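Q: What follows is a predicted structure for the sequence shown.
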Protein chains: 2
Amino acid sequence: MSIVRLSILGVGLLGGSLGLAAKRSMPGVRVVGYGHRPVTLESALKLGAIDEATADVVSAVHDADLVVLCTPVGLFDGLLGQIAPALKRGAIVTDVGSTKRSVVERGESLVARFVGSHPMAGSEKRGVEFARADLFDRALCILTPTPRTDPAALDLVDTFWKKIGSRTTHLAPDTHDELLAGVSHLPHLLAAALVAVQDERAMDLAGRGFLDTTRVASGDGGLWRDILLDNRDHVRASIDRLKTELDTLSKHLDAQDTTAVKAWLDHAAARRDDLARRSRG
Amino acid sequence: MSIVRLSILGVGLLGGSLGLAAKRSMPGVRVVGYGHRPVTLESALKLGAIDEATADVVSAVHDADLVVLCTPVGLFDGLLGQIAPALKRGAIVTDVGSTKRSVVERGESLVARFVGSHPMAGSEKRGVEFARADLFDRALCILTPTPRTDPAALDLVDTFWKKIGSRTTHLAPDTHDELLAGVSHLPHLLAAALVAVQDERAMDLAGRGFLDTTRVASGDGGLWRDILLDNRDHVRASIDRLKTELDTLSKHLDAQDTTAVKAWLDHAAARRDDLARRSRG
């Protein structure tokens, strides 16, 4: 099975970029874009991110081979309920949501061939006007199959992301949410907390390091609220692990244990350097 | 009084950059560099960061109008003790240390005209080979006068940093250490803690946001050990403030309070955006 008709529900930064990338990498594909704001749909058409636009989600998925949910995760439930009866036989549905347990559970309960995806690409920027055909190039896309996942559907979605330019890996939905709590959700909430605790006079002294460390705090509050709440058990556990780590450092500082403080810092620096090296590779 | 002879003790990234900047901005100044590694002194001479090199700190400060301590803070005590008897009458001593209470107290006890400085410039890079004449351009240099500070000396050091290309501000040493604990030391230790708590599998999923948020964790362990220990009371207080902030968020998550979580995130995003705007200006 190949993808002739691709339906993108939500044509913001991610959906728009997905359309541009598909049209770049998959000759002959027809991209249908759904959105509720006419101005967004018009922009997406003008940018060439979609070939057809509609504000009617049922007609958006009509005859689609692959449907990609690109709206905020909070809207997935409603959309899945509307499109499920309208999908053609064999149609595959995937999404770009940042949390996966609840999304996959809901998707599988409503759609025969649902495959969870999380492309780790994005920007603090919002809106289709920032869409880029290369947004997913070399990005990692995590697919989250379950025992219920149709192997052929998984294969097609995997091939789709690779055609778009991404690398792929597969994780169980719960493992995805647990690991992302540490490596994505915790950095975000820490950046926000770090800004929140500053004295106003201290902000005037902020250097490049502070700006870098807190960059992700500028993200979309609504999006992050949904992520943190949906993944709150793993997020709470990651907060607790971080507090324990801070307590370890505090203990070394209280004891004025120069060796232990140095070892604690060196360990982190070595792991960070190793990561930076691998990320360039 | 003007600066004819400038003595730089320690010619690494900061000391070397200071020499380059002084020679760029202060025609006729003679820069003497002190260091204990011959290869570093040779590089500094070749780069034009210093005019004379010596491994003897007493001759390095002979006839100097301004002496700048650019070694790690841990070496300041020993250096101050050695140079104090060798300074010419009226000579001014300053430093580039990242903490100020202990440094200024020690400096004032040993040297008649001591002025604490903290230029907020630097890099994860180390060594004179990374020195740049523009490292201090538009950077903020915090001067930390006390009631004992000679006003004329403060004025000269302030003018010196401005000539080098920096902006200046004045804070009491304790206020400096308190504010820097929040805006500099806390981000550093949080970046390190964030790396330390990650599951190895999570590191493979790290995106650009994680790399940005943890960039400062790659810094020099010895330098940061000295900073955290020297400023441990304010650092401990900033850790406690952060933990309280995390507890607030945890409470909102436990209560599934969507409004409170959103407000918490929006508040941080607004402060971060405001800071980013001001930093560009």
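A: Done, it's in.
Q: Would you mind giving both backbone torsions of residue A:247?
A: Torsion angles at residue A:247 (phi, psi; degrees, to the nearest 10) stand at phi -60, psi -40.
Q: Name the nearest residue to residue A:130, sequence neighbours excluded.
A: Once flanking residues are discounted, residue A:130 sits nearest to residue A:13: 5.2 Å by CB to CB, 6 or more residues apart in numbering or on different chains. Any C-beta I mention is one placed from the backbone N, CA and C, and that applies to glycine too.
Q: what does residue A:54 give?
A: residue A:60 (5.0 Å).
Q: can you check residue A:128 too?
A: Once flanking residues are discounted, residue A:128 sits nearest to residue A:16: 3.8 Å by CB to CB, 6+ apart.
Q: tell me which parts of the stretch 51-200 of chain A are close to chain B?
A: Proximity of the stretch 51-200 of chain A to chain B, by CB under 8 Å from any CB of the partner chain, involves residues A:120-121, A:139-140, A:142, A:169, A:175, A:178-180, A:182-184, A:186-199.
Q: For residue A:46, which three-state class applies?
A: helix (DSSP: H, G, I helix; E, B strand; the rest coil).
Q: Show the contacting residues for it.
A: For residue A:46, the contact set (CB atoms under 8 Å, 6 or more residues apart in numbering or on different chains) is empty.
Q: Backbone dihedrals for residue A:235, please?
A: Main-chain dihedrals, residue A:235, degrees, to the nearest 10: phi -60, psi -40.
Q: That one is in contact with residue B:254, isn't it?
A: No - Residue A:235 is beyond contact range of residue B:254, at 10.6 Å (criterion: CB atoms under 8 Å).
Q: Look up how far residue B:118 lies from residue A:215.
A: Remark: distance between residue A:215 and residue B:118 (CB to CB, to the nearest Å) = 24 Å.
Q: Please enumerate the helices of chain A.
A: A:13-25, A:38-47, A:57-61, A:76-83, A:101-110, A:151-164, A:173-180, A:186-196, A:200-203, A:208-213, A:221-230, A:232-254, A:258-280 (DSSP state H).
Q: If you average pLDDT over each of those helices, which is lowest?
A: Mean pLDDT is lowest for helix A:208-213 among the helices of chain A, at a mean of 84.
Q: Can I get that one as PDB, trimmed to CA atoms?
A: The C-alpha trace of helix A:208-213 is given here as PDB (Å, rounded to 0.1, in the frame of the first residue of the first chain):
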ATOM      1  CA  ARG A 208      24.000  34.300  27.700                       C
ATOM      2  CA  GLY A 209      24.000  31.100  29.900                       C
ATOM      3  CA  PHE A 210      20.800  32.100  31.600                       C
ATOM      4  CA  LEU A 211      19.100  32.800  28.300                       C
ATOM      5  CA  ASP A 212      20.200  29.500  26.900                       C
ATOM      6  CA  THR A 213      19.200  27.500  30.000                       C
END
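Q: What are the buried residues along that helix?
A: The neighbour-count check on helix A:208-213 (16 or more other CB atoms under 10 Å in any protein chain shown) flags A:209, A:210, A:211, A:212, A:213 as buried.
Q: Which ones, among those residues, also lie beside chain B?
A: A:209, A:210, A:211, A:212, A:213.
Q: Give the full set of residues in contact with residue A:141.
A: So residue A:141 contacts A:117, A:118, A:119, A:120, A:161, A:166, A:167, A:168, A:169 (CB under 8 Å, 6+ apart).
Q: what's the closest of those to residue A:85?
A: Among those, residue A:117 lies closest to residue A:85 (CB to CB), at 22.7 Å.
Q: Just give the closest residue to that closest one, not the sequence neighbours.
A: Residue A:117 sits nearest to residue A:94 (CB to CB, 6+ apart), 4.6 Å away.
Q: Can you verify my assumption that that neighbour contacts residue A:116?
A: Yes - applying CB under 8 Å as the test, residue A:94 and residue A:116 come out as touching, 6.9 Å apart.
Q: Contacts only, for the residue of the stretch 101-250 of chain A found nearest chain B.
A: Nearest residue of the stretch 101-250 of chain A to chain B: residue A:192, at 3.5 Å (CB to the nearest CB). Contact analysis of residue A:192 by CB under 8 Å, 6+ apart lists A:214, A:217, B:264, B:265, B:268, B:269, B:272.
Q: Over to residue A:240?
A: Contacts of residue A:240 (CB under 8 Å, 6+ apart): none.
Q: And residue A:95, by the same measure?
A: Residue A:95 is in contact with A:68, A:69, A:70, A:73, A:76, A:103, A:107, A:116, A:117, counting by CB under 8 Å, 6+ apart.
Q: Let me know the pLDDT of it.
A: The per-residue pLDDT reported for residue A:95 equals 98.
Q: can you pull up the bridge partners for it?
A: Under DSSP bridges, the beta-bridge partners of residue A:95 are residue A:69.
Q: distance of it from residue A:66?
A: Distance, residue A:95 to residue A:66, by CB to CB: 11 Å.
Q: before we move on, the earlier item: now compare the contacts of residue A:192 and name the two farthest from each other.
A: Largest separation among the contacts of residue A:192 by CB to CB: A:214 and B:264, giving 14.6 Å.
Q: out of the two, which sits in the more crowded spot?
A: residue A:214 (27 against 24; other CB atoms under 10 Å in any protein chain shown).
Q: contacting residues around the closest residue to the more buried one other than its chain neighbours?
A: Residue nearest to residue A:214 in three dimensions, not counting chain neighbours: residue A:191, with 4.5 Å by CB to CB, 6+ apart. Residues in contact with residue A:191 (CB under 8 Å, 6+ apart) are A:213, A:214, A:215, A:216, A:217, B:213, B:268, B:272.
Q: Let me see the backbone angles for the most centrally placed residue in chain A.
A: Central residue of chain A (CA atoms, centre = their mean): residue A:98, 3.8 Å from the mean position. Residue A:98 adopts backbone torsions of phi -80, psi -20, taken as degrees, to the nearest 10.
Q: Which parts of chain A belong to which domain?
A: Following automatic domain parsing, one finds the domains of chain A at A:5-171, A:175-280.
Q: will you turn those into TSV that also has distance to residue B:44?
A: Output for the domains of chain A, formatted as TSV (distance: least, CB to CB, whole Å):
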stretch	distance to residue B:44
domain A:5-171	40
domain A:175-280	25
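Q: of those domains, which approaches residue B:130 most closely?
A: Among the domains of chain A, domain A:175-280 comes nearest to residue B:130, with 15.2 Å by CB to CB.
Q: how many neighbours does residue A:220 have?
A: Residue A:220: 18 surrounding residues under other CB under 10 Å.
Q: From chain B, how far off is the residue nearest to residue A:130?
A: If you measure residue A:13 against chain B using CB to the nearest CB, to the nearest Å, the figure is 15 Å.
Q: Quick one: end-to-end distance for stretch A:222-242.
A: End-to-end distance for stretch A:222-242, by CA to CA, to the nearest Å: 24 Å.
Q: likewise stretch A:85-98?
A: 25 Å.
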